[in-house]
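The sequence and its predicted three-dimensional model are supplied below.
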Amino acid sequence: MTAALPRRAPSLVRVLLAGALLLLLGRPVSTVAQPDTSQIGEPSTLLIESDTVERDAPFVATERRVARRMLEVAGVTSEDVVYDLGSGDGRIPIIAAKTYGARGVGIEIDPELVAESREQARAAGVADRVEFREKDLFDADVSDATVVALYLWPEINVELRPKLLRQLDPGDRIVSHDFRMGDWEPDRTVDAGKDKTGRATLYLWTVPEEVPSRLLETGDKP
């Protein structure tokens, strides 16, 4: 026979459990483990050196339709060497090689994008005509280019301008998606229609026989 528990026992258990719970909940908050914030100061602003801000342009791919129009505006032929500074996924050099038979060179600092570009070139069957270099565009030698494509901030365009004018030959072309090159007036401005960022405008410059000294400076506003 099993002895019957007194009817008051469950109530006693509940009282004991409730008391224990109250003791736990009643503990001072300071005794509960908290993250160590002793090394955390006031919220801070990420500081970036000014030259990094000026030179760092995010990768935003030029739509293929606009890329083709850039090459068309630049008058690319099979005789050209097309450089894309900040080439991203490599579409402009690849299109230049596949559509026009030109030689393409992409300058890109991101190793993952360089690897992707090389794979895209192989897939397009133009790996023998396209080269991608993992390099800062300011350190790149573009002296063998006949066409340079840009989709960079206007400040970067202005900073690049002296380098391009010194390394390129008269008659070489520079084509920029959306952004000008300071006070160097373009030879041609083309409305390329709507794109994902709004309305695409293309600017074309031809390197002159005699370069005005002011264009070899970067002090003007973009």
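Received, thanks.

Please list all residues in contact with the closest residue to residue 118 other than its chain neighbours.
Distances taken as C-beta to C-beta, 6 or more residues apart in numbering place residue 132 nearest to residue 118, at 5.5 Å, with adjacent residues excluded. C-beta here means a position set from N, CA and C on the backbone, and glycine is covered the same way. Residue 132 sits next to 87, 90, 93, 105, 106, 108, 114, 117, 118, 121 when contact means C-beta atoms under 8 Å, 6 or more residues apart in numbering.

Give me the neighbour count for the first one.
The reference is to residue 87. Residues lying near residue 87 (other C-beta atoms under 10 Å) number 28.

I'd guess it is in a helix, am I close?
No. According to DSSP: H, G, I helix; E, B strand; the rest coil, residue 87 belongs to no helix; its state is coil.

If I look at it, what pLDDT would I see?
Residue 87 carries a pLDDT score of 96 in this model.

again, but for the fourth one
According to the predicted model, the pLDDT of residue 105 comes to 99.

just the third one next, same as before
At residue 93, the predicted lDDT confidence score is 98.

ok, now which ones touch it?
Neighbouring residues of residue 93 by C-beta under 8 Å, 6+ apart: 82, 83, 84, 87, 104, 105, 106, 117, 121, 130, 131, 132.

now with 6 Å?
Residue 93 makes contact with 82, 84, 104, 106, 130, according to C-beta atoms under 6 Å, 6 or more residues apart in numbering.

Among those residues, name the ones in strands.
Judged by DSSP state E, the subset of these located in strands is 82, 84, 104, 106, 130.

What is the least confident helix or strand in this protein?
Counting by mean pLDDT, DSSP states H and E, the chain has its least confident helix or strand at helix 50-55, which shows a mean of 41.

any chance of the contacts of residue 93 in TSV, with neighbour count and distance to residue 172 too?
Shown next, in TSV, are the contacts of residue 93 (neighbours: other C-beta atoms under 10 Å; distance: C-beta to C-beta, whole Å):
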residue	neighbour count	distance to residue 172
82	27	11
84	31	14
104	31	15
106	30	17
130	26	19
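
Tell me the one of those residues nearest residue 176?
residue 84 (11.2 Å; C-beta to C-beta).

my read: the closest one touches residue 108, true?
No. Here residue 84 does not reach residue 108: they are 8.3 Å apart, not a contact under C-beta atoms under 6 Å.
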